[in-house]
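Asker: Structure for the following, please:
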Amino acid sequence: MSLVDIPHSGGPGLDELVPSRYALQVGAIDVMVISDGVLPIPAVTMATNAAPADLAAWLKDMFLPPDMLDWPLNVAVVRSGGRTILIDSGLGTEFPDFPRAGQLAMRLDAAGIDPASVTDVVLTHLHMDHIGGLLVDGLRGRLRPDLRVHLAAAEAEFWEAPDFSRTNMPAPVPDVLRSTASLFLDVYRSQLQPFETEYEVAPGVMVVRTGGHTPGHSIVRLESGGDRLTFAGDAVFQPGFDQPQWHNGFEHDPEESARVRVRLLKELAASGEQLVATHLPFPSVCHVAVAGDAFRFVPAVWDF
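Answerer: Below is the predicted model of the structure:
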């Protein structure tokens, strides 16, 4: 059954004033982008190497507040070749300071998607806002016992002894990231399917390690019938189009992250394919255009 055709009657969230899911097709591949909510983040975290005046000007130009931003959290559900694949899982509900995030379990129900139907999970990396949803009892207990969890081998290895020396995060965050990743690896170790550089999870669904943001950070590339879409995880943030050299405070290798970002955005601009990313404004479906030495975010027209 196509994600587009899933009935939504009777589910929670039926009367949402603000949509939290968006369905599209990439050739024969069904895709649903789901919002896990938003979490507050200091604006300076978005550009730790930018001059304060430059960041302030960018925020003003984007009609964004100067101090704290609402950071979107997007995940995706993909169906191809008889497999149902969850890409990342949002923040989860173990963080009471972020009550507007961690909505995935409720929103899967609202979309008519039974967690037991998910055959595979692809993780772009092991930061808590990408794995926390899988640790929530209300979701974890409904997953199938033979679930396969795909992530880069380098990512699992990194979190055995993570290095935060080049990040620039709010003070409590590194310890929480460490503990959440450690718990996740303990819980799901027997279900991990690590890969080295790339792995085809289902027909036309390829997970590819990029590194940069974390050593094992990965993107997911979808291709079917001449259509293409890339789920970029944390390779691209909102300032990354106008200012691709700006560093995000959560990047474990900021210089390599910038190289990955520029390389990916150039490729997307050349191919014309669609882009979805975790922290772009929901539903984040867009195209990339070249704008001088930088890029433009071109939102896709919603298809109702």
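Asker: Now the helix or strand of the chain with the lowest mean pLDDT: buried residues?
Answerer: Lowest by mean pLDDT, DSSP states H and E among the helices and strands of the chain is helix 137-140, with a mean of 91. Neighbour-count burial for helix 137-140 flags 139, 140 (criterion: 16 or more other Cβ atoms under 10 Å). The way it works is simple: take the backbone N, C-alpha and C, and place the C-beta from them, glycine included.
Asker: Over to stretch 167-184?
Answerer: 167, 169, 173, 176, 177, 180, 181, 184.
Asker: likewise stretch 295-304?
Answerer: Quick answer for stretch 295-304 (16+ other Cβ under 10 Å): 295, 297, 300.
Asker: Tell me which stretches of the stretch 151-300 of the chain form helices.
Answerer: Applying DSSP state H, counting those that start in this stretch to the stretch 151-300 of the chain gives helices spanning 153-158, 173-188, 254-271.
Asker: State the helix or strand in which residue 34 lies.
Answerer: strand 29-42 (DSSP states H and E).
Asker: whoops, I mixed them up, residue 86
Answerer: With DSSP H and E as criterion, residue 86 is part of strand 83-87.
Asker: In terms of secondary structure, what does whatever helix or strand comes next after that strand contact?
Answerer: Next helix or strand after strand 83-87 toward the C-terminus (DSSP H and E): helix 104-110. Applying 3 or more Cβ pairs under 8 Å, 6 or more residues apart in numbering; DSSP states H and E, one finds that helix 104-110 contacts strand 29-42, helix 137-140.
Asker: which one of the ones you listed is the most hemmed in?
Answerer: Of all the helices and strands packed on helix 104-110, strand 29-42 carries the top mean neighbour count, a mean of 21, counting by mean count of other Cβ atoms under 10 Å.
Asker: For that one, list the C-alpha coordinates in CSV.
Answerer: Below are the C-alpha coordinates for strand 29-42, written out as CSV (Å, rounded to 0.1, in the frame of the first residue of the first chain):
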residue,chain,number,x,y,z
ILE,A,29,9.3,4.7,-4.0
ASP,A,30,6.8,6.1,-1.5
VAL,A,31,8.1,8.7,0.9
MET,A,32,6.5,10.4,3.9
VAL,A,33,8.3,13.2,5.7
ILE,A,34,7.1,13.4,9.4
SER,A,35,7.8,16.2,11.8
ASP,A,36,9.0,15.1,15.2
GLY,A,37,8.5,18.7,16.4
VAL,A,38,10.9,21.4,17.2
LEU,A,39,13.5,22.1,19.9
PRO,A,40,15.0,25.4,21.0
ILE,A,41,18.6,26.1,20.1
PRO,A,42,20.8,29.1,20.7
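Asker: just checking, what packs against that strand?
Answerer: Counting by 3+ Cβ pairs under 8 Å, 6+ apart, strand 29-42 packs on strand 21-26, strand 68-80, helix 104-110, strand 218-224.
Asker: Among those, which comes closest to residue 47?
Answerer: strand 68-80 (11.2 Å; Cβ to Cβ).
Asker: Each with direction, which strands does that closest one pair with?
Answerer: Strand pairing for strand 68-80, determined by DSSP bridges: strand 29-42 (antiparallel), strand 83-87 (antiparallel).
Asker: okay, those strands in a markdown table with mean pLDDT next?
Answerer: Below are these laid out as a markdown table (pLDDT from 0 to 100):
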| stretch | mean pLDDT |
| --- | --- |
| strand 29-42 | 96 |
| strand 83-87 | 98 |
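Asker: picking up where we left off before, just the angle between the helix or strand just after the strand holding residue 34 and strand 68-80, please?
Answerer: Beyond strand 29-42 on the C-terminal side, the first helix or strand identified by DSSP H and E is helix 52-61. Going by axes from the mean of the first three to the mean of the last three Cα atoms, to 10 degrees, helix 52-61 is angled at 60 degrees with respect to strand 68-80.
Asker: Please export the alpha-carbon coordinates of helix 52-61; CSV is fine.
Answerer: Extracted C-alpha coordinates of helix 52-61, given in CSV (Å, rounded to 0.1, in the frame of the first residue of the first chain):
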residue,chain,number,x,y,z
PRO,A,52,28.4,38.2,15.4
ALA,A,53,27.3,41.0,13.2
ASP,A,54,27.2,38.7,10.1
LEU,A,55,25.1,36.2,12.0
ALA,A,56,22.7,38.9,13.3
ALA,A,57,22.3,40.3,9.8
TRP,A,58,21.5,36.8,8.4
LEU,A,59,19.0,36.1,11.1
LYS,A,60,17.3,39.5,10.5
ASP,A,61,17.2,38.8,6.7
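Asker: Give the buried residues for it.
Answerer: 55, 58, 59.
Asker: Reformat those residues into a markdown table and put pLDDT next to each item.
Answerer: Shown next, in a markdown table, are those (pLDDT from 0 to 100):
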| residue | pLDDT |
| --- | --- |
| 55 | 98 |
| 58 | 98 |
| 59 | 98 |
